[in-house]
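J.: Structure for the following, please:
(one chain, ligands or ions: 1)
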Amino acid sequence: MAILKIARMGHPVLREAAAPIQDPTAPEIQRLIADMAETLADSGGVGLAAPQVHVPLRLLLFHVPASRSGTGQAMRLRALINPVLTPLSDEKVTGWEGCLSVPGLRAAVPRFAKIRLTALNADGAAVDEVLEGFPARVLQHEADHLDGRLYPSRVEDFSAFGFNEELERHPVELL
Ligand code: NI
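T.: Just a heads-up that it's a prediction; the model follows:
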């Protein structure tokens, strides 16, 4: 396993649409998943998409600590391959997001409240489930990476966008 270098905003790999993965069980994909898991653990983040480690493929990893799930229940680390997200209503919720590719900053970003996820898991098995709340937010953020989008392009209210240190000193209340 290896800790991979994370691309930062401005690198072209973060602006391109990633390609579908043909065989999730291929050894190079399994190695990439293992390396991304180690990289994510090292970073302290909750999600990581393959383009963020300079690999333009439709693969993302995420987990949700109990303290941030909203339900008190943790979600274990999982890999999702070729994920497709479908909003299940028009309702959007605004919440804070940061990104390992945009270090030091955070913003309030509107995301769909409830989504359906279809994907393959690391074993190549089909995933089909409904997600809400923070897990749904993380997934929408990571899936955006696969389409070459970073969260700043989703910000609607730039009064809630800034450096972590400043926002900790001068908290912005979200409506
Ligand atoms: Ni990100």
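J.: Give me the most central residue, this protein.
T.: E142 (2.5 Å; C-alpha atoms, centre = their mean).
J.: any idea of the mean pLDDT in the helix or strand in which that one is found?
T.: Secondary structure assignment for E142, by DSSP states H and E: helix 133-146. Helix 133-146 shows a mean pLDDT of 97.
J.: Packing partners of that helix?
T.: strand 47-49, strand 59-64, strand 75-87, strand 92-97, strand 105-112, strand 114-120 (3 or more C-beta pairs under 8 Å, 6 or more residues apart in numbering; DSSP states H and E). Every residue, glycine included, has its C-beta placed from N, CA and C.
J.: Identify, out of those, the most deeply packed stretch.
T.: Counting by mean count of other C-beta atoms under 10 Å, strand 47-49 has the highest mean neighbour count of these, with a mean of 27.
J.: So which elements touch that strand?
T.: Against strand 47-49 (3+ C-beta pairs under 8 Å, 6+ apart) you get helix 27-43, strand 59-64, helix 133-146.
J.: would you turn the ones you listed into TSV with distance to H170?
T.: Output for the helices and strands packed on strand 47-49, formatted as TSV (distance: least, C-beta to C-beta, whole Å):
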stretch	distance to H170
helix 27-43	26
strand 59-64	28
helix 133-146	23
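J.: E91: which of these is closest?
T.: helix 133-146 (10.9 Å; C-beta to C-beta).
J.: residues contacting the residue nearest to A34 when sequence neighbours are not counted?
T.: Residue nearest to A34 in three dimensions, not counting chain neighbours: M1, with 5.1 Å by C-beta to C-beta, 6 or more residues apart in numbering. Neighbour list for M1: A34, D35, A37, E38 [criterion: C-beta atoms under 8 Å, 6 or more residues apart in numbering].
J.: Next: V102.
T.: R8, M9, L150, Y151, P152.
J.: So what's the residue count around H141?
T.: 23 (other C-beta atoms under 10 Å).
J.: ok, now how distant is E97 from I33?
T.: 23 Å (C-beta to C-beta, to the nearest Å).
J.: swap in R137?
T.: 22 Å.
J.: just Q52 next, same as before
T.: 14 Å.
J.: quick one, which of these two is more surrounded?
T.: Q52 (28 against 19).
J.: Before we go further, that one is sitting in a helix, right?
T.: Yes - assessed with DSSP: H, G, I helix; E, B strand; the rest coil, Q52 lies in a helix.
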